[in-house]
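Visitor: Turn this into a structure:
(2 chains)
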Amino acid sequence: MTLTLAFLTGVVAHLALRTAPVWWLLGATQPLLLVVAAGTRRFPPAQAGWLGLGCGLAIDVLCGRPVGPGGIATAAAGTIVAAVVARLELRGPLFWVASSLLVAVFFEAFWLTILVTLGTVPSHAWLGVVATVATAGSGGLAIAVGERAWRWWRSPERRRRRALRRR
Amino acid sequence: MATLRLRPDISLVVACLCLYIVAAAQVRRPEGSSLAVAVSTAARPVHQVTQVIITALLQLREGVRDAGATRAELSRAREEIQELRRVNQMLAVEVTELREADRLVATLPPTFDRVLLARVVARDTAGEHVATIDRGRRHGVMRDAPVLASEGVLGRIERVGEGVARIQLLSHPLAAAAARVVGTEQEVLLAGGDWPTVTGLPAATVLADGTPIITTGSEGIYPPGLLLGFSKEATVESVLTQVPVRLAVRPARVTVVAVLAPVRRDRP
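Guide: Numbering: from 1, shown residues only, chains lettered A, B, ... in the order given. Next up, the predicted model:
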C-alpha cells in the first residue's frame, strides 16, 4: 500500500517536473527511481527487480521513449542495489542516500548500454547522467531527512516532553 | 491441473529479454527497426548457408542427372563397342576370305574362262566328306563342276540347289580322279577316302616324299594340270601297289573356293 502510494506520488511528481517550467537540473529528476530505492530495503533482489521493472516501464511511457530499455535498466539496478543493501545491511539516512545514488547510477549505466546495443542515440549526454544521479541522491537525502523528522515527530520522547510542558 | 510456477529471478530475466526484443522492434533506424536489422543480420548466415545448401542440392541433382546420362551413354557406347567388335570380327573374316580368294584367283590358270567364287558355309570333313557353298543353280553352278582351293583341287560339285551346292571332297570314299605323278608319263588313278592313294604306277618306280600329283583330265571332270596332292615316300612293287597320297587341300581350312565350269565331255 505504501509503495503504491509512493508509486503514484512518483508518477505525479514526474509529470509535474516535466510539465512545469523548472530549472533544468530538476527536469532531469526521476522520482520513480526513489520508489525503486525504497523497495530495495523491503524486498529481496528478485522482487525488487520486478518493482524496478514496473517503475522503469512507467518511466519509459511517461518520457515517451521506446518501452523496454528503461524497464530493463531499472530492473537490473533494483536487483543489484537490493543485493548490496542486504549485504551491507544499510539502514537510516545512509540507506536512502546510497540506495538512491546506486539505483540512479546503475539505471543510467544499463540504460545507456541498452540504447547503444540497440543502435540508437540517448536523449541526453553525460551531463544529463550526472544531473539524474545528483537529483536522485538529493531526493534520497531529502527523504532521509523527512524520515528522520517524521520519526522525531512521532517519537515517545517528544510526547513525554509535550505532556510535561502542559503540566 | 498442472500449474506453472516460475522462479521470480528467472522470470525477471525472461521478461527483460522479451522487453529488449520489444524495444528493438520499436527503435527506428534508417534501414528499419533494430529488431528487423538484428533479425536480418542473424538470418544472413542462415540464408547464405541455405543458399549454399540449395545450390549444392541443385548441383547434386544436376550431377545425378548427368551421371545417369553418362551411364546411359556409357551403356550405349559399350553396346556400340560390342557391335563394332562383332562387325570387326566379321570384317576380319571377310578380309581373310578376300585374301584367300585373292590368293585363289592368283593361283588359277588364265585359261579358265569362267570362274565363280563361293564361300564355304558348311562342311563335314570327317563323316560325309562334303562341304556346302553359298552358290547354286541361280548363280550358274552346275553338277560335276570342279572346285578348286588356293592349294589345289578340293573336289567336285555333287549336288546343286537353288542357292547352295554341295561339294564331294577328294577325301570322299567314292571320289576319284585321273592323275599323273610329276616326273612320270604313266597315268594313274587317285582314289579318295580317309587314306587317299594312287594306283597304276609302273613297277620299280621309286617316289620321293612330296612328289606332286596333278590331274590329267581324262576322266572328264577336272581340267588337266591341277595339283591334287603329294605322294609319300614309296617304292612301287607292282601296278597294284597303292601309294599313299597327302592331298594338297585341307578341307577344314578352306573358306573360299573357285567353282569352274564343267569340263565338256567332248573336250580332248
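Visitor: all contacts plus neighbour counts: C-alpha atoms, from now on.
Guide: Fine.
Visitor: Thought A:Gly78 was touching A:Val103, still the case?
Guide: Yes: between A:Val103 and A:Gly78 a contact is recorded at 6.4 Å, counting by CA atoms under 8 Å.
Visitor: Neighbour count: those two, which is higher?
Guide: Ranked by neighbour count (other CA atoms under 10 Å in any protein chain shown), A:Val103 and A:Gly78 place A:Gly78 first, with 37 against 30.
Visitor: gap between the more buried one and A:Val97?
Guide: For A:Gly78, the distance to A:Val97 (CA to CA, to the nearest Å) stands at 15 Å.
Visitor: where does the stretch 151-268 of chain B have low pLDDT?
Guide: The model of the stretch 151-268 of chain B has pLDDT under 70 over residues B:264-268.
Visitor: Can you tell me the closest non-neighbouring residue to the residue of it at minimum distance from chain A?
Guide: Relative to chain A, the nearest point of the stretch 151-268 of chain B is B:Thr255 (97.9 Å; CA to the nearest CA). In space, and not counting its chain neighbours, B:Thr255 is closest to B:Val120: 5.0 Å by CA to CA, 6 or more residues apart in numbering or on different chains.
Visitor: Next, that neighbour: secondary structure please.
Guide: Assigned by DSSP: H, G, I helix; E, B strand; the rest coil, the conformation of B:Val120 is strand.
Visitor: and what of B:Arg135?
Guide: coil.
Visitor: who's in contact with the closest residue to B:Ala191 other than its chain neighbours?
Guide: Excluding the flanking residues, the one nearest B:Ala191 by CA to CA, 6+ apart is B:Ala176, at 4.5 Å. Residues in contact with B:Ala176, defined by CA atoms under 8 Å, 6 or more residues apart in numbering or on different chains, are B:170, B:189-192.
Visitor: that older thread, contact partners for the residue of the stretch 151-268 of chain B closest to chain A?
Guide: Going by CA under 8 Å, 6+ apart, B:Thr255 touches B:97, B:100, B:119-121.
Visitor: ok, which pair from the residues you listed is furthest apart?
Guide: Across the contacts of B:Thr255, no pair lies farther apart than B:Glu100 and B:Val121, at 14.9 Å, counting by CA to CA.
Visitor: Looking at those two, which one has more neighbours?
Guide: Ranked by neighbour count (other CA under 10 Å), B:Glu100 and B:Val121 place B:Glu100 first, with 18 against 13.
Visitor: okay, that one: pLDDT?
Guide: What the model reports as pLDDT for B:Glu100 is 86.
Visitor: mind checking how far it is from chain A?
Guide: Relative to chain A, B:Glu100 is positioned 98 Å away (CA to the nearest CA, to the nearest Å).
Visitor: correct me, but that residue touches B:Val256?
Guide: Yes: the criterion here is CA under 8 Å, and B:Glu100 meets it with B:Val256 at 6.5 Å.
Visitor: in which helix or strand would I find the residue positioned nearest the centre of chain B?
Guide: For chain B, the residue sitting closest to the mean C-alpha position, by CA atoms, centre = their mean, is B:Gln89 at 3.1 Å. For B:Gln89, the enclosing helix or strand under DSSP states H and E is helix B:34-107.
Visitor: Pull up the gap between A:Val81 and chain B, please.
Guide: A:Val81 sits 14 Å away from chain B, taking CA to the nearest CA as the criterion.
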